[in-house]
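>>> got a structure for you, letters missing:
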Ligand code: SF4
């Protein structure tokens, strides 16, 4: 693996980076899984149990895809109508890439898919209620960003959108499309955004001015302004989290932590908190693929992370 450009604690580029040996990688989704419930982390990252996509997750993926493509159009053409025109072709593309998505709807049921596309368009209306994309030129969309922290831990993830102001100020934007109660997921969403803020600070030497959550269903904006001290503390949290994951892996000890988020968990049948028994711990624990691991969608809990 290659070392990232080194940024010192004041955000200055240093001339000669020391060699970095990356020992592990962590994405915001997987880190948030462990924080939410260590057993959920195990099921997803160690057992790698399959999770059937839900309609809500598929809708989130579709809306993200449309919003990404919308910015391919000339600024003046980024209208609600143009976005609506992208819905069906983007859905066809997603189904071609992931045929399992087609199984979300009963065979021959025209109402299901039609209602699904209509509901995706309604979420886009929520987007246009809070932003005018004709006035924006994002610097990045669906961009993989990464940084090395603590000299050996690669943290990486895909951010939905990054805006850069003429004065260099950064704004990280995350689209939320789920219908789940916001209070149950807001801490998790903010954790993800701080993760991106930390990567950007470590790689660009700039603390993002704004971390923005766009709740499309409710047409609401939630802005958060991080500062450097907070990101230093957050970095310590991420490293401590990784150490806890390593310890739990060595001990093969991932405990369930029941919460409201269990309602969105795919693995209740295997969870001791619900009378289930986890499968035997894998003999050889696969090293997570950082690229796959960094993808934050589709995944539950949090239908649209
Ligand atoms: S059901 Fe709840 S406690 Fe059990 S693994 Fe899932 S999130 Fe964890």
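Cool, got the structure. In this text the structure is predicted, and so the values were computed from the model without any measurement.
>>> pull the longest strand from the protein.
strand 153-164 (DSSP state E).
>>> how about the residues of the protein near the ligand?
Counting by CB under 6 Å from any ligand atom, the chain comes close to the ligand at 37, 39-40, 256-258, 261-262, 265, 267-268, 271, 273-274. C-beta coordinates here come from the backbone N, C-alpha and C atoms, glycine included.
>>> show me the shaky parts of the protein.
1-20, 108-111, 179-184, 285-305 (pLDDT under 70).
>>> for the longest strand of the chain, name the packing helices and strands.
strand 24-26, helix 28-36, helix 55-70, strand 140-149, strand 170-176, helix 182-204, helix 228-251, helix 290-294 (3 or more CB pairs under 8 Å, 6 or more residues apart in numbering; DSSP states H and E).
>>> now the ones you listed as a markdown table including mean neighbour count?
A markdown table is the format used below for these (neighbours: other CB atoms under 10 Å):
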| stretch | mean neighbour count |
| --- | --- |
| strand 24-26 | 20 |
| helix 28-36 | 23 |
| helix 55-70 | 22 |
| strand 140-149 | 18 |
| strand 170-176 | 23 |
| helix 182-204 | 20 |
| helix 228-251 | 15 |
| helix 290-294 | 16 |
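>>> for residue 114, find the nearest of those.
helix 55-70 (13.0 Å; CB to CB).
>>> what residues sit buried inside the helix or strand following the closest one?
Per DSSP states H and E, the first helix or strand lying C-terminal to helix 55-70 is helix 80-97. Under the neighbour-count criterion of 16 or more other CB atoms under 10 Å, helix 80-97 has 82, 83, 84, 86, 87, 90, 91, 94, 95 buried.
>>> ok, the residues of the chain next to the ligand vs residue 132, which is closest?
residue 261 (33.9 Å).
>>> neighbours of that closest one, how many?
Using other CB atoms under 10 Å, residue 261 has 19 neighbouring residues.
>>> next, format the residues of the chain next to the ligand as CSV and append secondary structure.
Formatted as CSV, these follow (DSSP: H, G, I helix; E, B strand; the rest coil):
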residue, secondary structure
37, coil
39, helix
40, helix
256, coil
257, coil
258, coil
261, helix
262, helix
265, coil
267, coil
268, helix
271, coil
273, helix
274, helix
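>>> give me the buried entries from those residues.
37, 39, 40, 256, 261, 262, 265, 267, 271.
>>> so residue 72 versus the ligand, what's the distance?
38 Å (CB to the nearest ligand atom, to the nearest Å).
>>> what's the answer for residue 87, then?
32 Å.
>>> ok, that residue - contacts?
Going by CB atoms under 8 Å, 6 or more residues apart in numbering, residue 87 touches 62, 66, 117, 120, 121, 124.
>>> correct me if wrong: the third one contacts residue 89.
No: in this structure, residue 117 is not within contact of residue 89 by CB atoms under 8 Å, at 10.8 Å.
>>> re earlier: which one of the buried ones among the residues of the chain next to the ligand is nearest to residue 177?
Out of those, the member with the shortest distance to residue 177 (by CB to CB) is residue 261, at 17.3 Å.
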